[in-house]
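> Provide a 3D model corresponding to the input given below.
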Amino acid sequence: MARGVTSPLDLERTPGPSVSYVSNSPAPHPDRRLNVGEVSRRTGLSVETLRYYERAGLMRDPVPRSPAGLRAYRAADVRWVEFLAKLRTTDMPIGMIRRYVELARDGDRTAPERLALLRQHRAAVRAHLDDLTDALSVIDHKITLYTGIGASFMLDTTPLGQVGPQVGIIGLGCMGMSAFYTGAGKDEDQSIRTIRRAVELGCTLIDTAEIYGPYANEELVGRALAGIRDEVVVATKFGMLSHLENGARRYDGRPENVRLAVDGSLRRLGTDRIDLYYQHRPDPSTPIEDTVGALADLIAEGKIGAYGLSEANAEIIRRAHAVHPMAAVQSEYSLWTRDPEEEVLPTLRELGIALVPYSPLGRGFLTGRIRDLSGLDDSDSRRGHPRFRQDQLAANLRIVERVEAVAAEVGATPAQVALAWLLAQGGERRDIVPIPGTRRPGRLEENLKAATVRLSADHLAALDALPRPVGDRYPDMKNLTGTGPVKEDVRTEAR
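Take a look at the predicted model:
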């Protein structure tokens, strides 16, 4: 077959051939006739396509036949074929072409209608070209994102506080692989590939918790780390399930519960030690000194390497640290949650404790990919978050728009800018280690490349000046910051 559309069916379903139809050969003499093979070579169209043009009634005038009954194209016929081919490359529908042909057969008096038809089609082509331009921009952007990710890319490392392990400066939050978010639990093979890819790139802080699932996320992480366990820092959490009460969902920091919880996590993770063991929320009914005393015993026994707290206030942090030095505190911190800056972050720096921000991308909002809730499953916990409610979501988009503006200036994605801002808050200390979550290797690489984004003083100032979001972080702040009982609500996110 010659170049171009190879059958009438293909011609009707796809754009025309992507070749130039203007022949380099001189135009045939007006009196010379060309056979179908010669026209095919001149135009780049297949013989079958030329025959189809005729059968479908797309030729303005009937193609003459030679005395032997063969097609004998005139110069005007060849020019018309070339014109048809150009229309097909613009994806003009066959029906519109037929209408144009009918008008052309009626001569000059239909010129205004033909002009209107061509203008109508030109507007459609222009809109399609705009769409293609936008698509190319996305493709080009993704190409730049992945440039440099590979064997030559490796995250820098930093100590996790004064007593914690050495970790990559960005970690990986695994919660969304198994719980609370759209797509959780649907492709565990992909999640495992993401975790293993993270380790390859120096993203060695892998974060999970017994309540994610519950239990399923720890099991997933354990499977993912088979054979590479010693290359990573495994962090998990306890304290939102009571193993003294048949796994009931409630805060439980009692020493007996701590021991039961750690043994379960060790089993599910398939390891003999947990590198960083967090209390998920302070238990208001158990003195923090008792809980940390049990954690100190586990450190002495070698079951855990270090401990931390999550969503603890400055007073509890000081009391816990006085019992045994703490490695890290995990709290929500991002461009739309600045709460730790008031008391918690200064306390951590005074005591030599690292901050591990969870939800550093605002539960996906700061990526700019969430403009409404239509893409979220009905079970997605974000549907219940005040900041994602439709009346407040629109107001909060102003934050994303400013992040997008900075991203455009520095040649990065909004997610990378949000993470680069967090890394900049750590300064030379590198005492802030965000743990963005994702189920996809591509998004992981995008996030990790934030380590290469450099924000100027002006960019940082612009980001610091972002308006505060509308709405609380959680539906019930008392419930989810450790000062009240955990409610039985499967849609409440336990980050």
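> quick one: buried residues of stretch 403-412?
Residues 403-404, 406-407, 412 are the ones in stretch 403-412 that count as buried (16 or more other CB atoms under 10 Å). All C-beta spots, glycine's among them, are computed from the backbone N, C-alpha and C.
> Tyr181 contacts His385, correct?
No - contact criterion CB atoms under 8 Å: Tyr181 and His385 do not qualify, at 11.5 Å.
> who touches both of the two?
Arg363 (CB atoms under 8 Å, 6 or more residues apart in numbering).
> ok, back up a step: out of the buried residues of stretch 403-412, which one sits closest to Ala462?
Within the buried residues of stretch 403-412, the smallest distance to Ala462 is 6.1 Å, found for Val406 (CB to CB).
> Could you double-check that Arg105 lies in contact with Pro62?
No - using CB under 8 Å, Arg105 is not in contact with Pro62; the gap is 10.6 Å.
> Now Pro325: closest residue in space that isn't a chain neighbour?
Counting by CB to CB, 6 or more residues apart in numbering, Pro325 lies nearest to Val163, which is 4.6 Å off, once chain neighbours are set aside.
> For the stretch 351-495 of the chain, which segments count as helices?
Secondary structure of the stretch 351-495 of the chain (DSSP state H, counting those that start in this stretch): helices located at 390-410, 414-426, 441-448, 457-464, 477-480.
> Make a markdown table out of the ones you listed and add distance to Asp377.
Output for the helices of the stretch 351-495 of the chain, formatted as a markdown table (distance: least, CB to CB, whole Å):
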| stretch | distance to Asp377 |
| --- | --- |
| helix 390-410 | 16 |
| helix 414-426 | 21 |
| helix 441-448 | 18 |
| helix 457-464 | 31 |
| helix 477-480 | 21 |
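> Any buried residues in stretch 88-104, and which?
By neighbour count, with 16+ other CB under 10 Å as the criterion, the buried positions of stretch 88-104 are 88-89, 92, 97, 100-101, 103-104.
> C-terminal to the worst-scoring helix or strand of the chain on mean pLDDT, what's the next element?
The weakest-scoring helix or strand in the chain, judged by mean pLDDT, DSSP states H and E, is helix 8-13 (a mean of 33). Using DSSP states H and E, the helix or strand that directly follows helix 8-13 along the chain is helix 36-43.
> And the strands in this protein, which stretches?
Under the criterion DSSP state E, the chain carries strands at the ranges 157-159, 166-168, 172-173, 205-207, 233-238, 241-242, 248-249, 274-279, 304-310, 328-332, 354-358.
> In TSV: the ones you listed, plus distance to Leu266 and mean pLDDT.
Output for the strands of the chain, formatted as TSV (distance: least, CB to CB, whole Å; pLDDT from 0 to 100):
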stretch	distance to Leu266	mean pLDDT
strand 157-159	24	98
strand 166-168	20	98
strand 172-173	20	98
strand 205-207	15	98
strand 233-238	9	98
strand 241-242	15	96
strand 248-249	21	94
strand 274-279	7	98
strand 304-310	9	98
strand 328-332	20	97
strand 354-358	21	98
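> between these, which gets nearest to Gln390?
Per CB to CB, nearest to Gln390 of the strands of the chain: strand 328-332, 22.0 Å.
> Tabulate the CA atom coordinates of the closest one in PDB.
C-alpha atoms of strand 328-332 as PDB (Å, rounded to 0.1, in the frame of the first residue of the first chain):
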ATOM      1  CA  ALA A 328      10.500  13.200  65.600                       C
ATOM      2  CA  VAL A 329       7.100  14.700  65.800                       C
ATOM      3  CA  GLN A 330       4.700  14.000  63.000                       C
ATOM      4  CA  SER A 331       2.100  16.800  62.400                       C
ATOM      5  CA  GLU A 332       0.200  18.300  59.500                       C
END
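> hmm, who's touching it?
Contacts for strand 328-332 (CB under 8 Å, 6+ apart): 160-161, 164, 207, 237, 276, 278, 306, 308-312, 317, 339-340, 344, 348, 353-359, 433, 435, 473, 495.
> Please pick the buried ones from these.
Buried members of the contacts of strand 328-332, counted by 16+ other CB under 10 Å: 160-161, 164, 207, 237, 276, 278, 306, 308-312, 317, 340, 344, 348, 353-359, 433, 435, 473, 495.
> is it true that the residue nearest to Pro325 touches Gly308?
No - applying CB under 8 Å as the test, Val163 and Gly308 come out as separate, 10.2 Å apart.
> Residues that sit against both of the two, list them.
Common contacts of Val163 and Gly308 (CB under 8 Å, 6+ apart): 326-327.
> about what we covered before: could I get the buried residues of stretch 88-104 as JSON lines with distance to Tyr251 and pLDDT?
Conversion of the buried residues of stretch 88-104 to JSON lines gives the following (distance: CB to CB, whole Å; pLDDT from 0 to 100):
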{"residue": "Arg88", "distance to Tyr251": "68", "pLDDT": "88"}
{"residue": "Thr89", "distance to Tyr251": "66", "pLDDT": "89"}
{"residue": "Met92", "distance to Tyr251": "67", "pLDDT": "91"}
{"residue": "Ile97", "distance to Tyr251": "71", "pLDDT": "91"}
{"residue": "Tyr100", "distance to Tyr251": "74", "pLDDT": "92"}
{"residue": "Val101", "distance to Tyr251": "77", "pLDDT": "90"}
{"residue": "Leu103", "distance to Tyr251": "78", "pLDDT": "92"}
{"residue": "Ala104", "distance to Tyr251": "80", "pLDDT": "89"}
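> okay if I get these as JSON lines plus distance to Arg41?
Output for those, formatted as JSON lines (distance: CB to CB, whole Å):
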{"residue": "Arg88", "distance to Arg41": "18"}
{"residue": "Thr89", "distance to Arg41": "18"}
{"residue": "Met92", "distance to Arg41": "24"}
{"residue": "Ile97", "distance to Arg41": "23"}
{"residue": "Tyr100", "distance to Arg41": "26"}
{"residue": "Val101", "distance to Arg41": "24"}
{"residue": "Leu103", "distance to Arg41": "30"}
{"residue": "Ala104", "distance to Arg41": "26"}
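> wait, which of these is closest to Ala111?
Proximity of the buried residues of stretch 88-104 to Ala111 (CB to CB) peaks at Leu103, which lies at 8.4 Å.
> OK, contacts around that closest one?
Neighbour list for Leu103: 110, 113-114, 117 [criterion: CB under 8 Å, 6+ apart].
> mind putting these in CSV, pLDDT, neighbour count and distance to Arg389 included?
Shown next, in CSV, are those (pLDDT from 0 to 100; neighbours: other CB atoms under 10 Å; distance: CB to CB, whole Å):
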residue, pLDDT, neighbour count, distance to Arg389
Thr110, 93, 15, 57
Glu113, 93, 14, 52
Arg114, 91, 17, 53
Leu117, 93, 17, 48
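> Go through the strands of the chain and name the closest to Ile139.
Within the strands of the chain, the stretch nearest Ile139 is strand 172-173; the backing value is 26.0 Å (CB to CB).
> Not counting its own residues, what contacts the closest one?
Here strand 172-173 makes contact (CB under 8 Å, 6+ apart) with 194-195, 198, 203, 205-207, 358-359, 435-438, 444.
> What of stretch 58-77?
Stretch 58-77 is contacted by residues 27-30, 32-36, 38-39, 50, 53-54, 80-81, 84, 94, 97-98, 101, 104-105 when judged by CB under 8 Å, 6+ apart.
> Mark which of those are buried, thanks.
28, 33-34, 36, 39, 50, 53, 80-81, 84, 97, 101, 104.
> thinking again about what came up before, any chance of the helices of the stretch 351-495 of the chain in CSV, plus distance to Pro287 and mean pLDDT?
Output for those, formatted as CSV (distance: least, CB to CB, whole Å; pLDDT from 0 to 100):
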stretch, distance to Pro287, mean pLDDT
helix 390-410, 38, 91
helix 414-426, 32, 97
helix 441-448, 38, 95
helix 457-464, 38, 97
helix 477-480, 20, 57
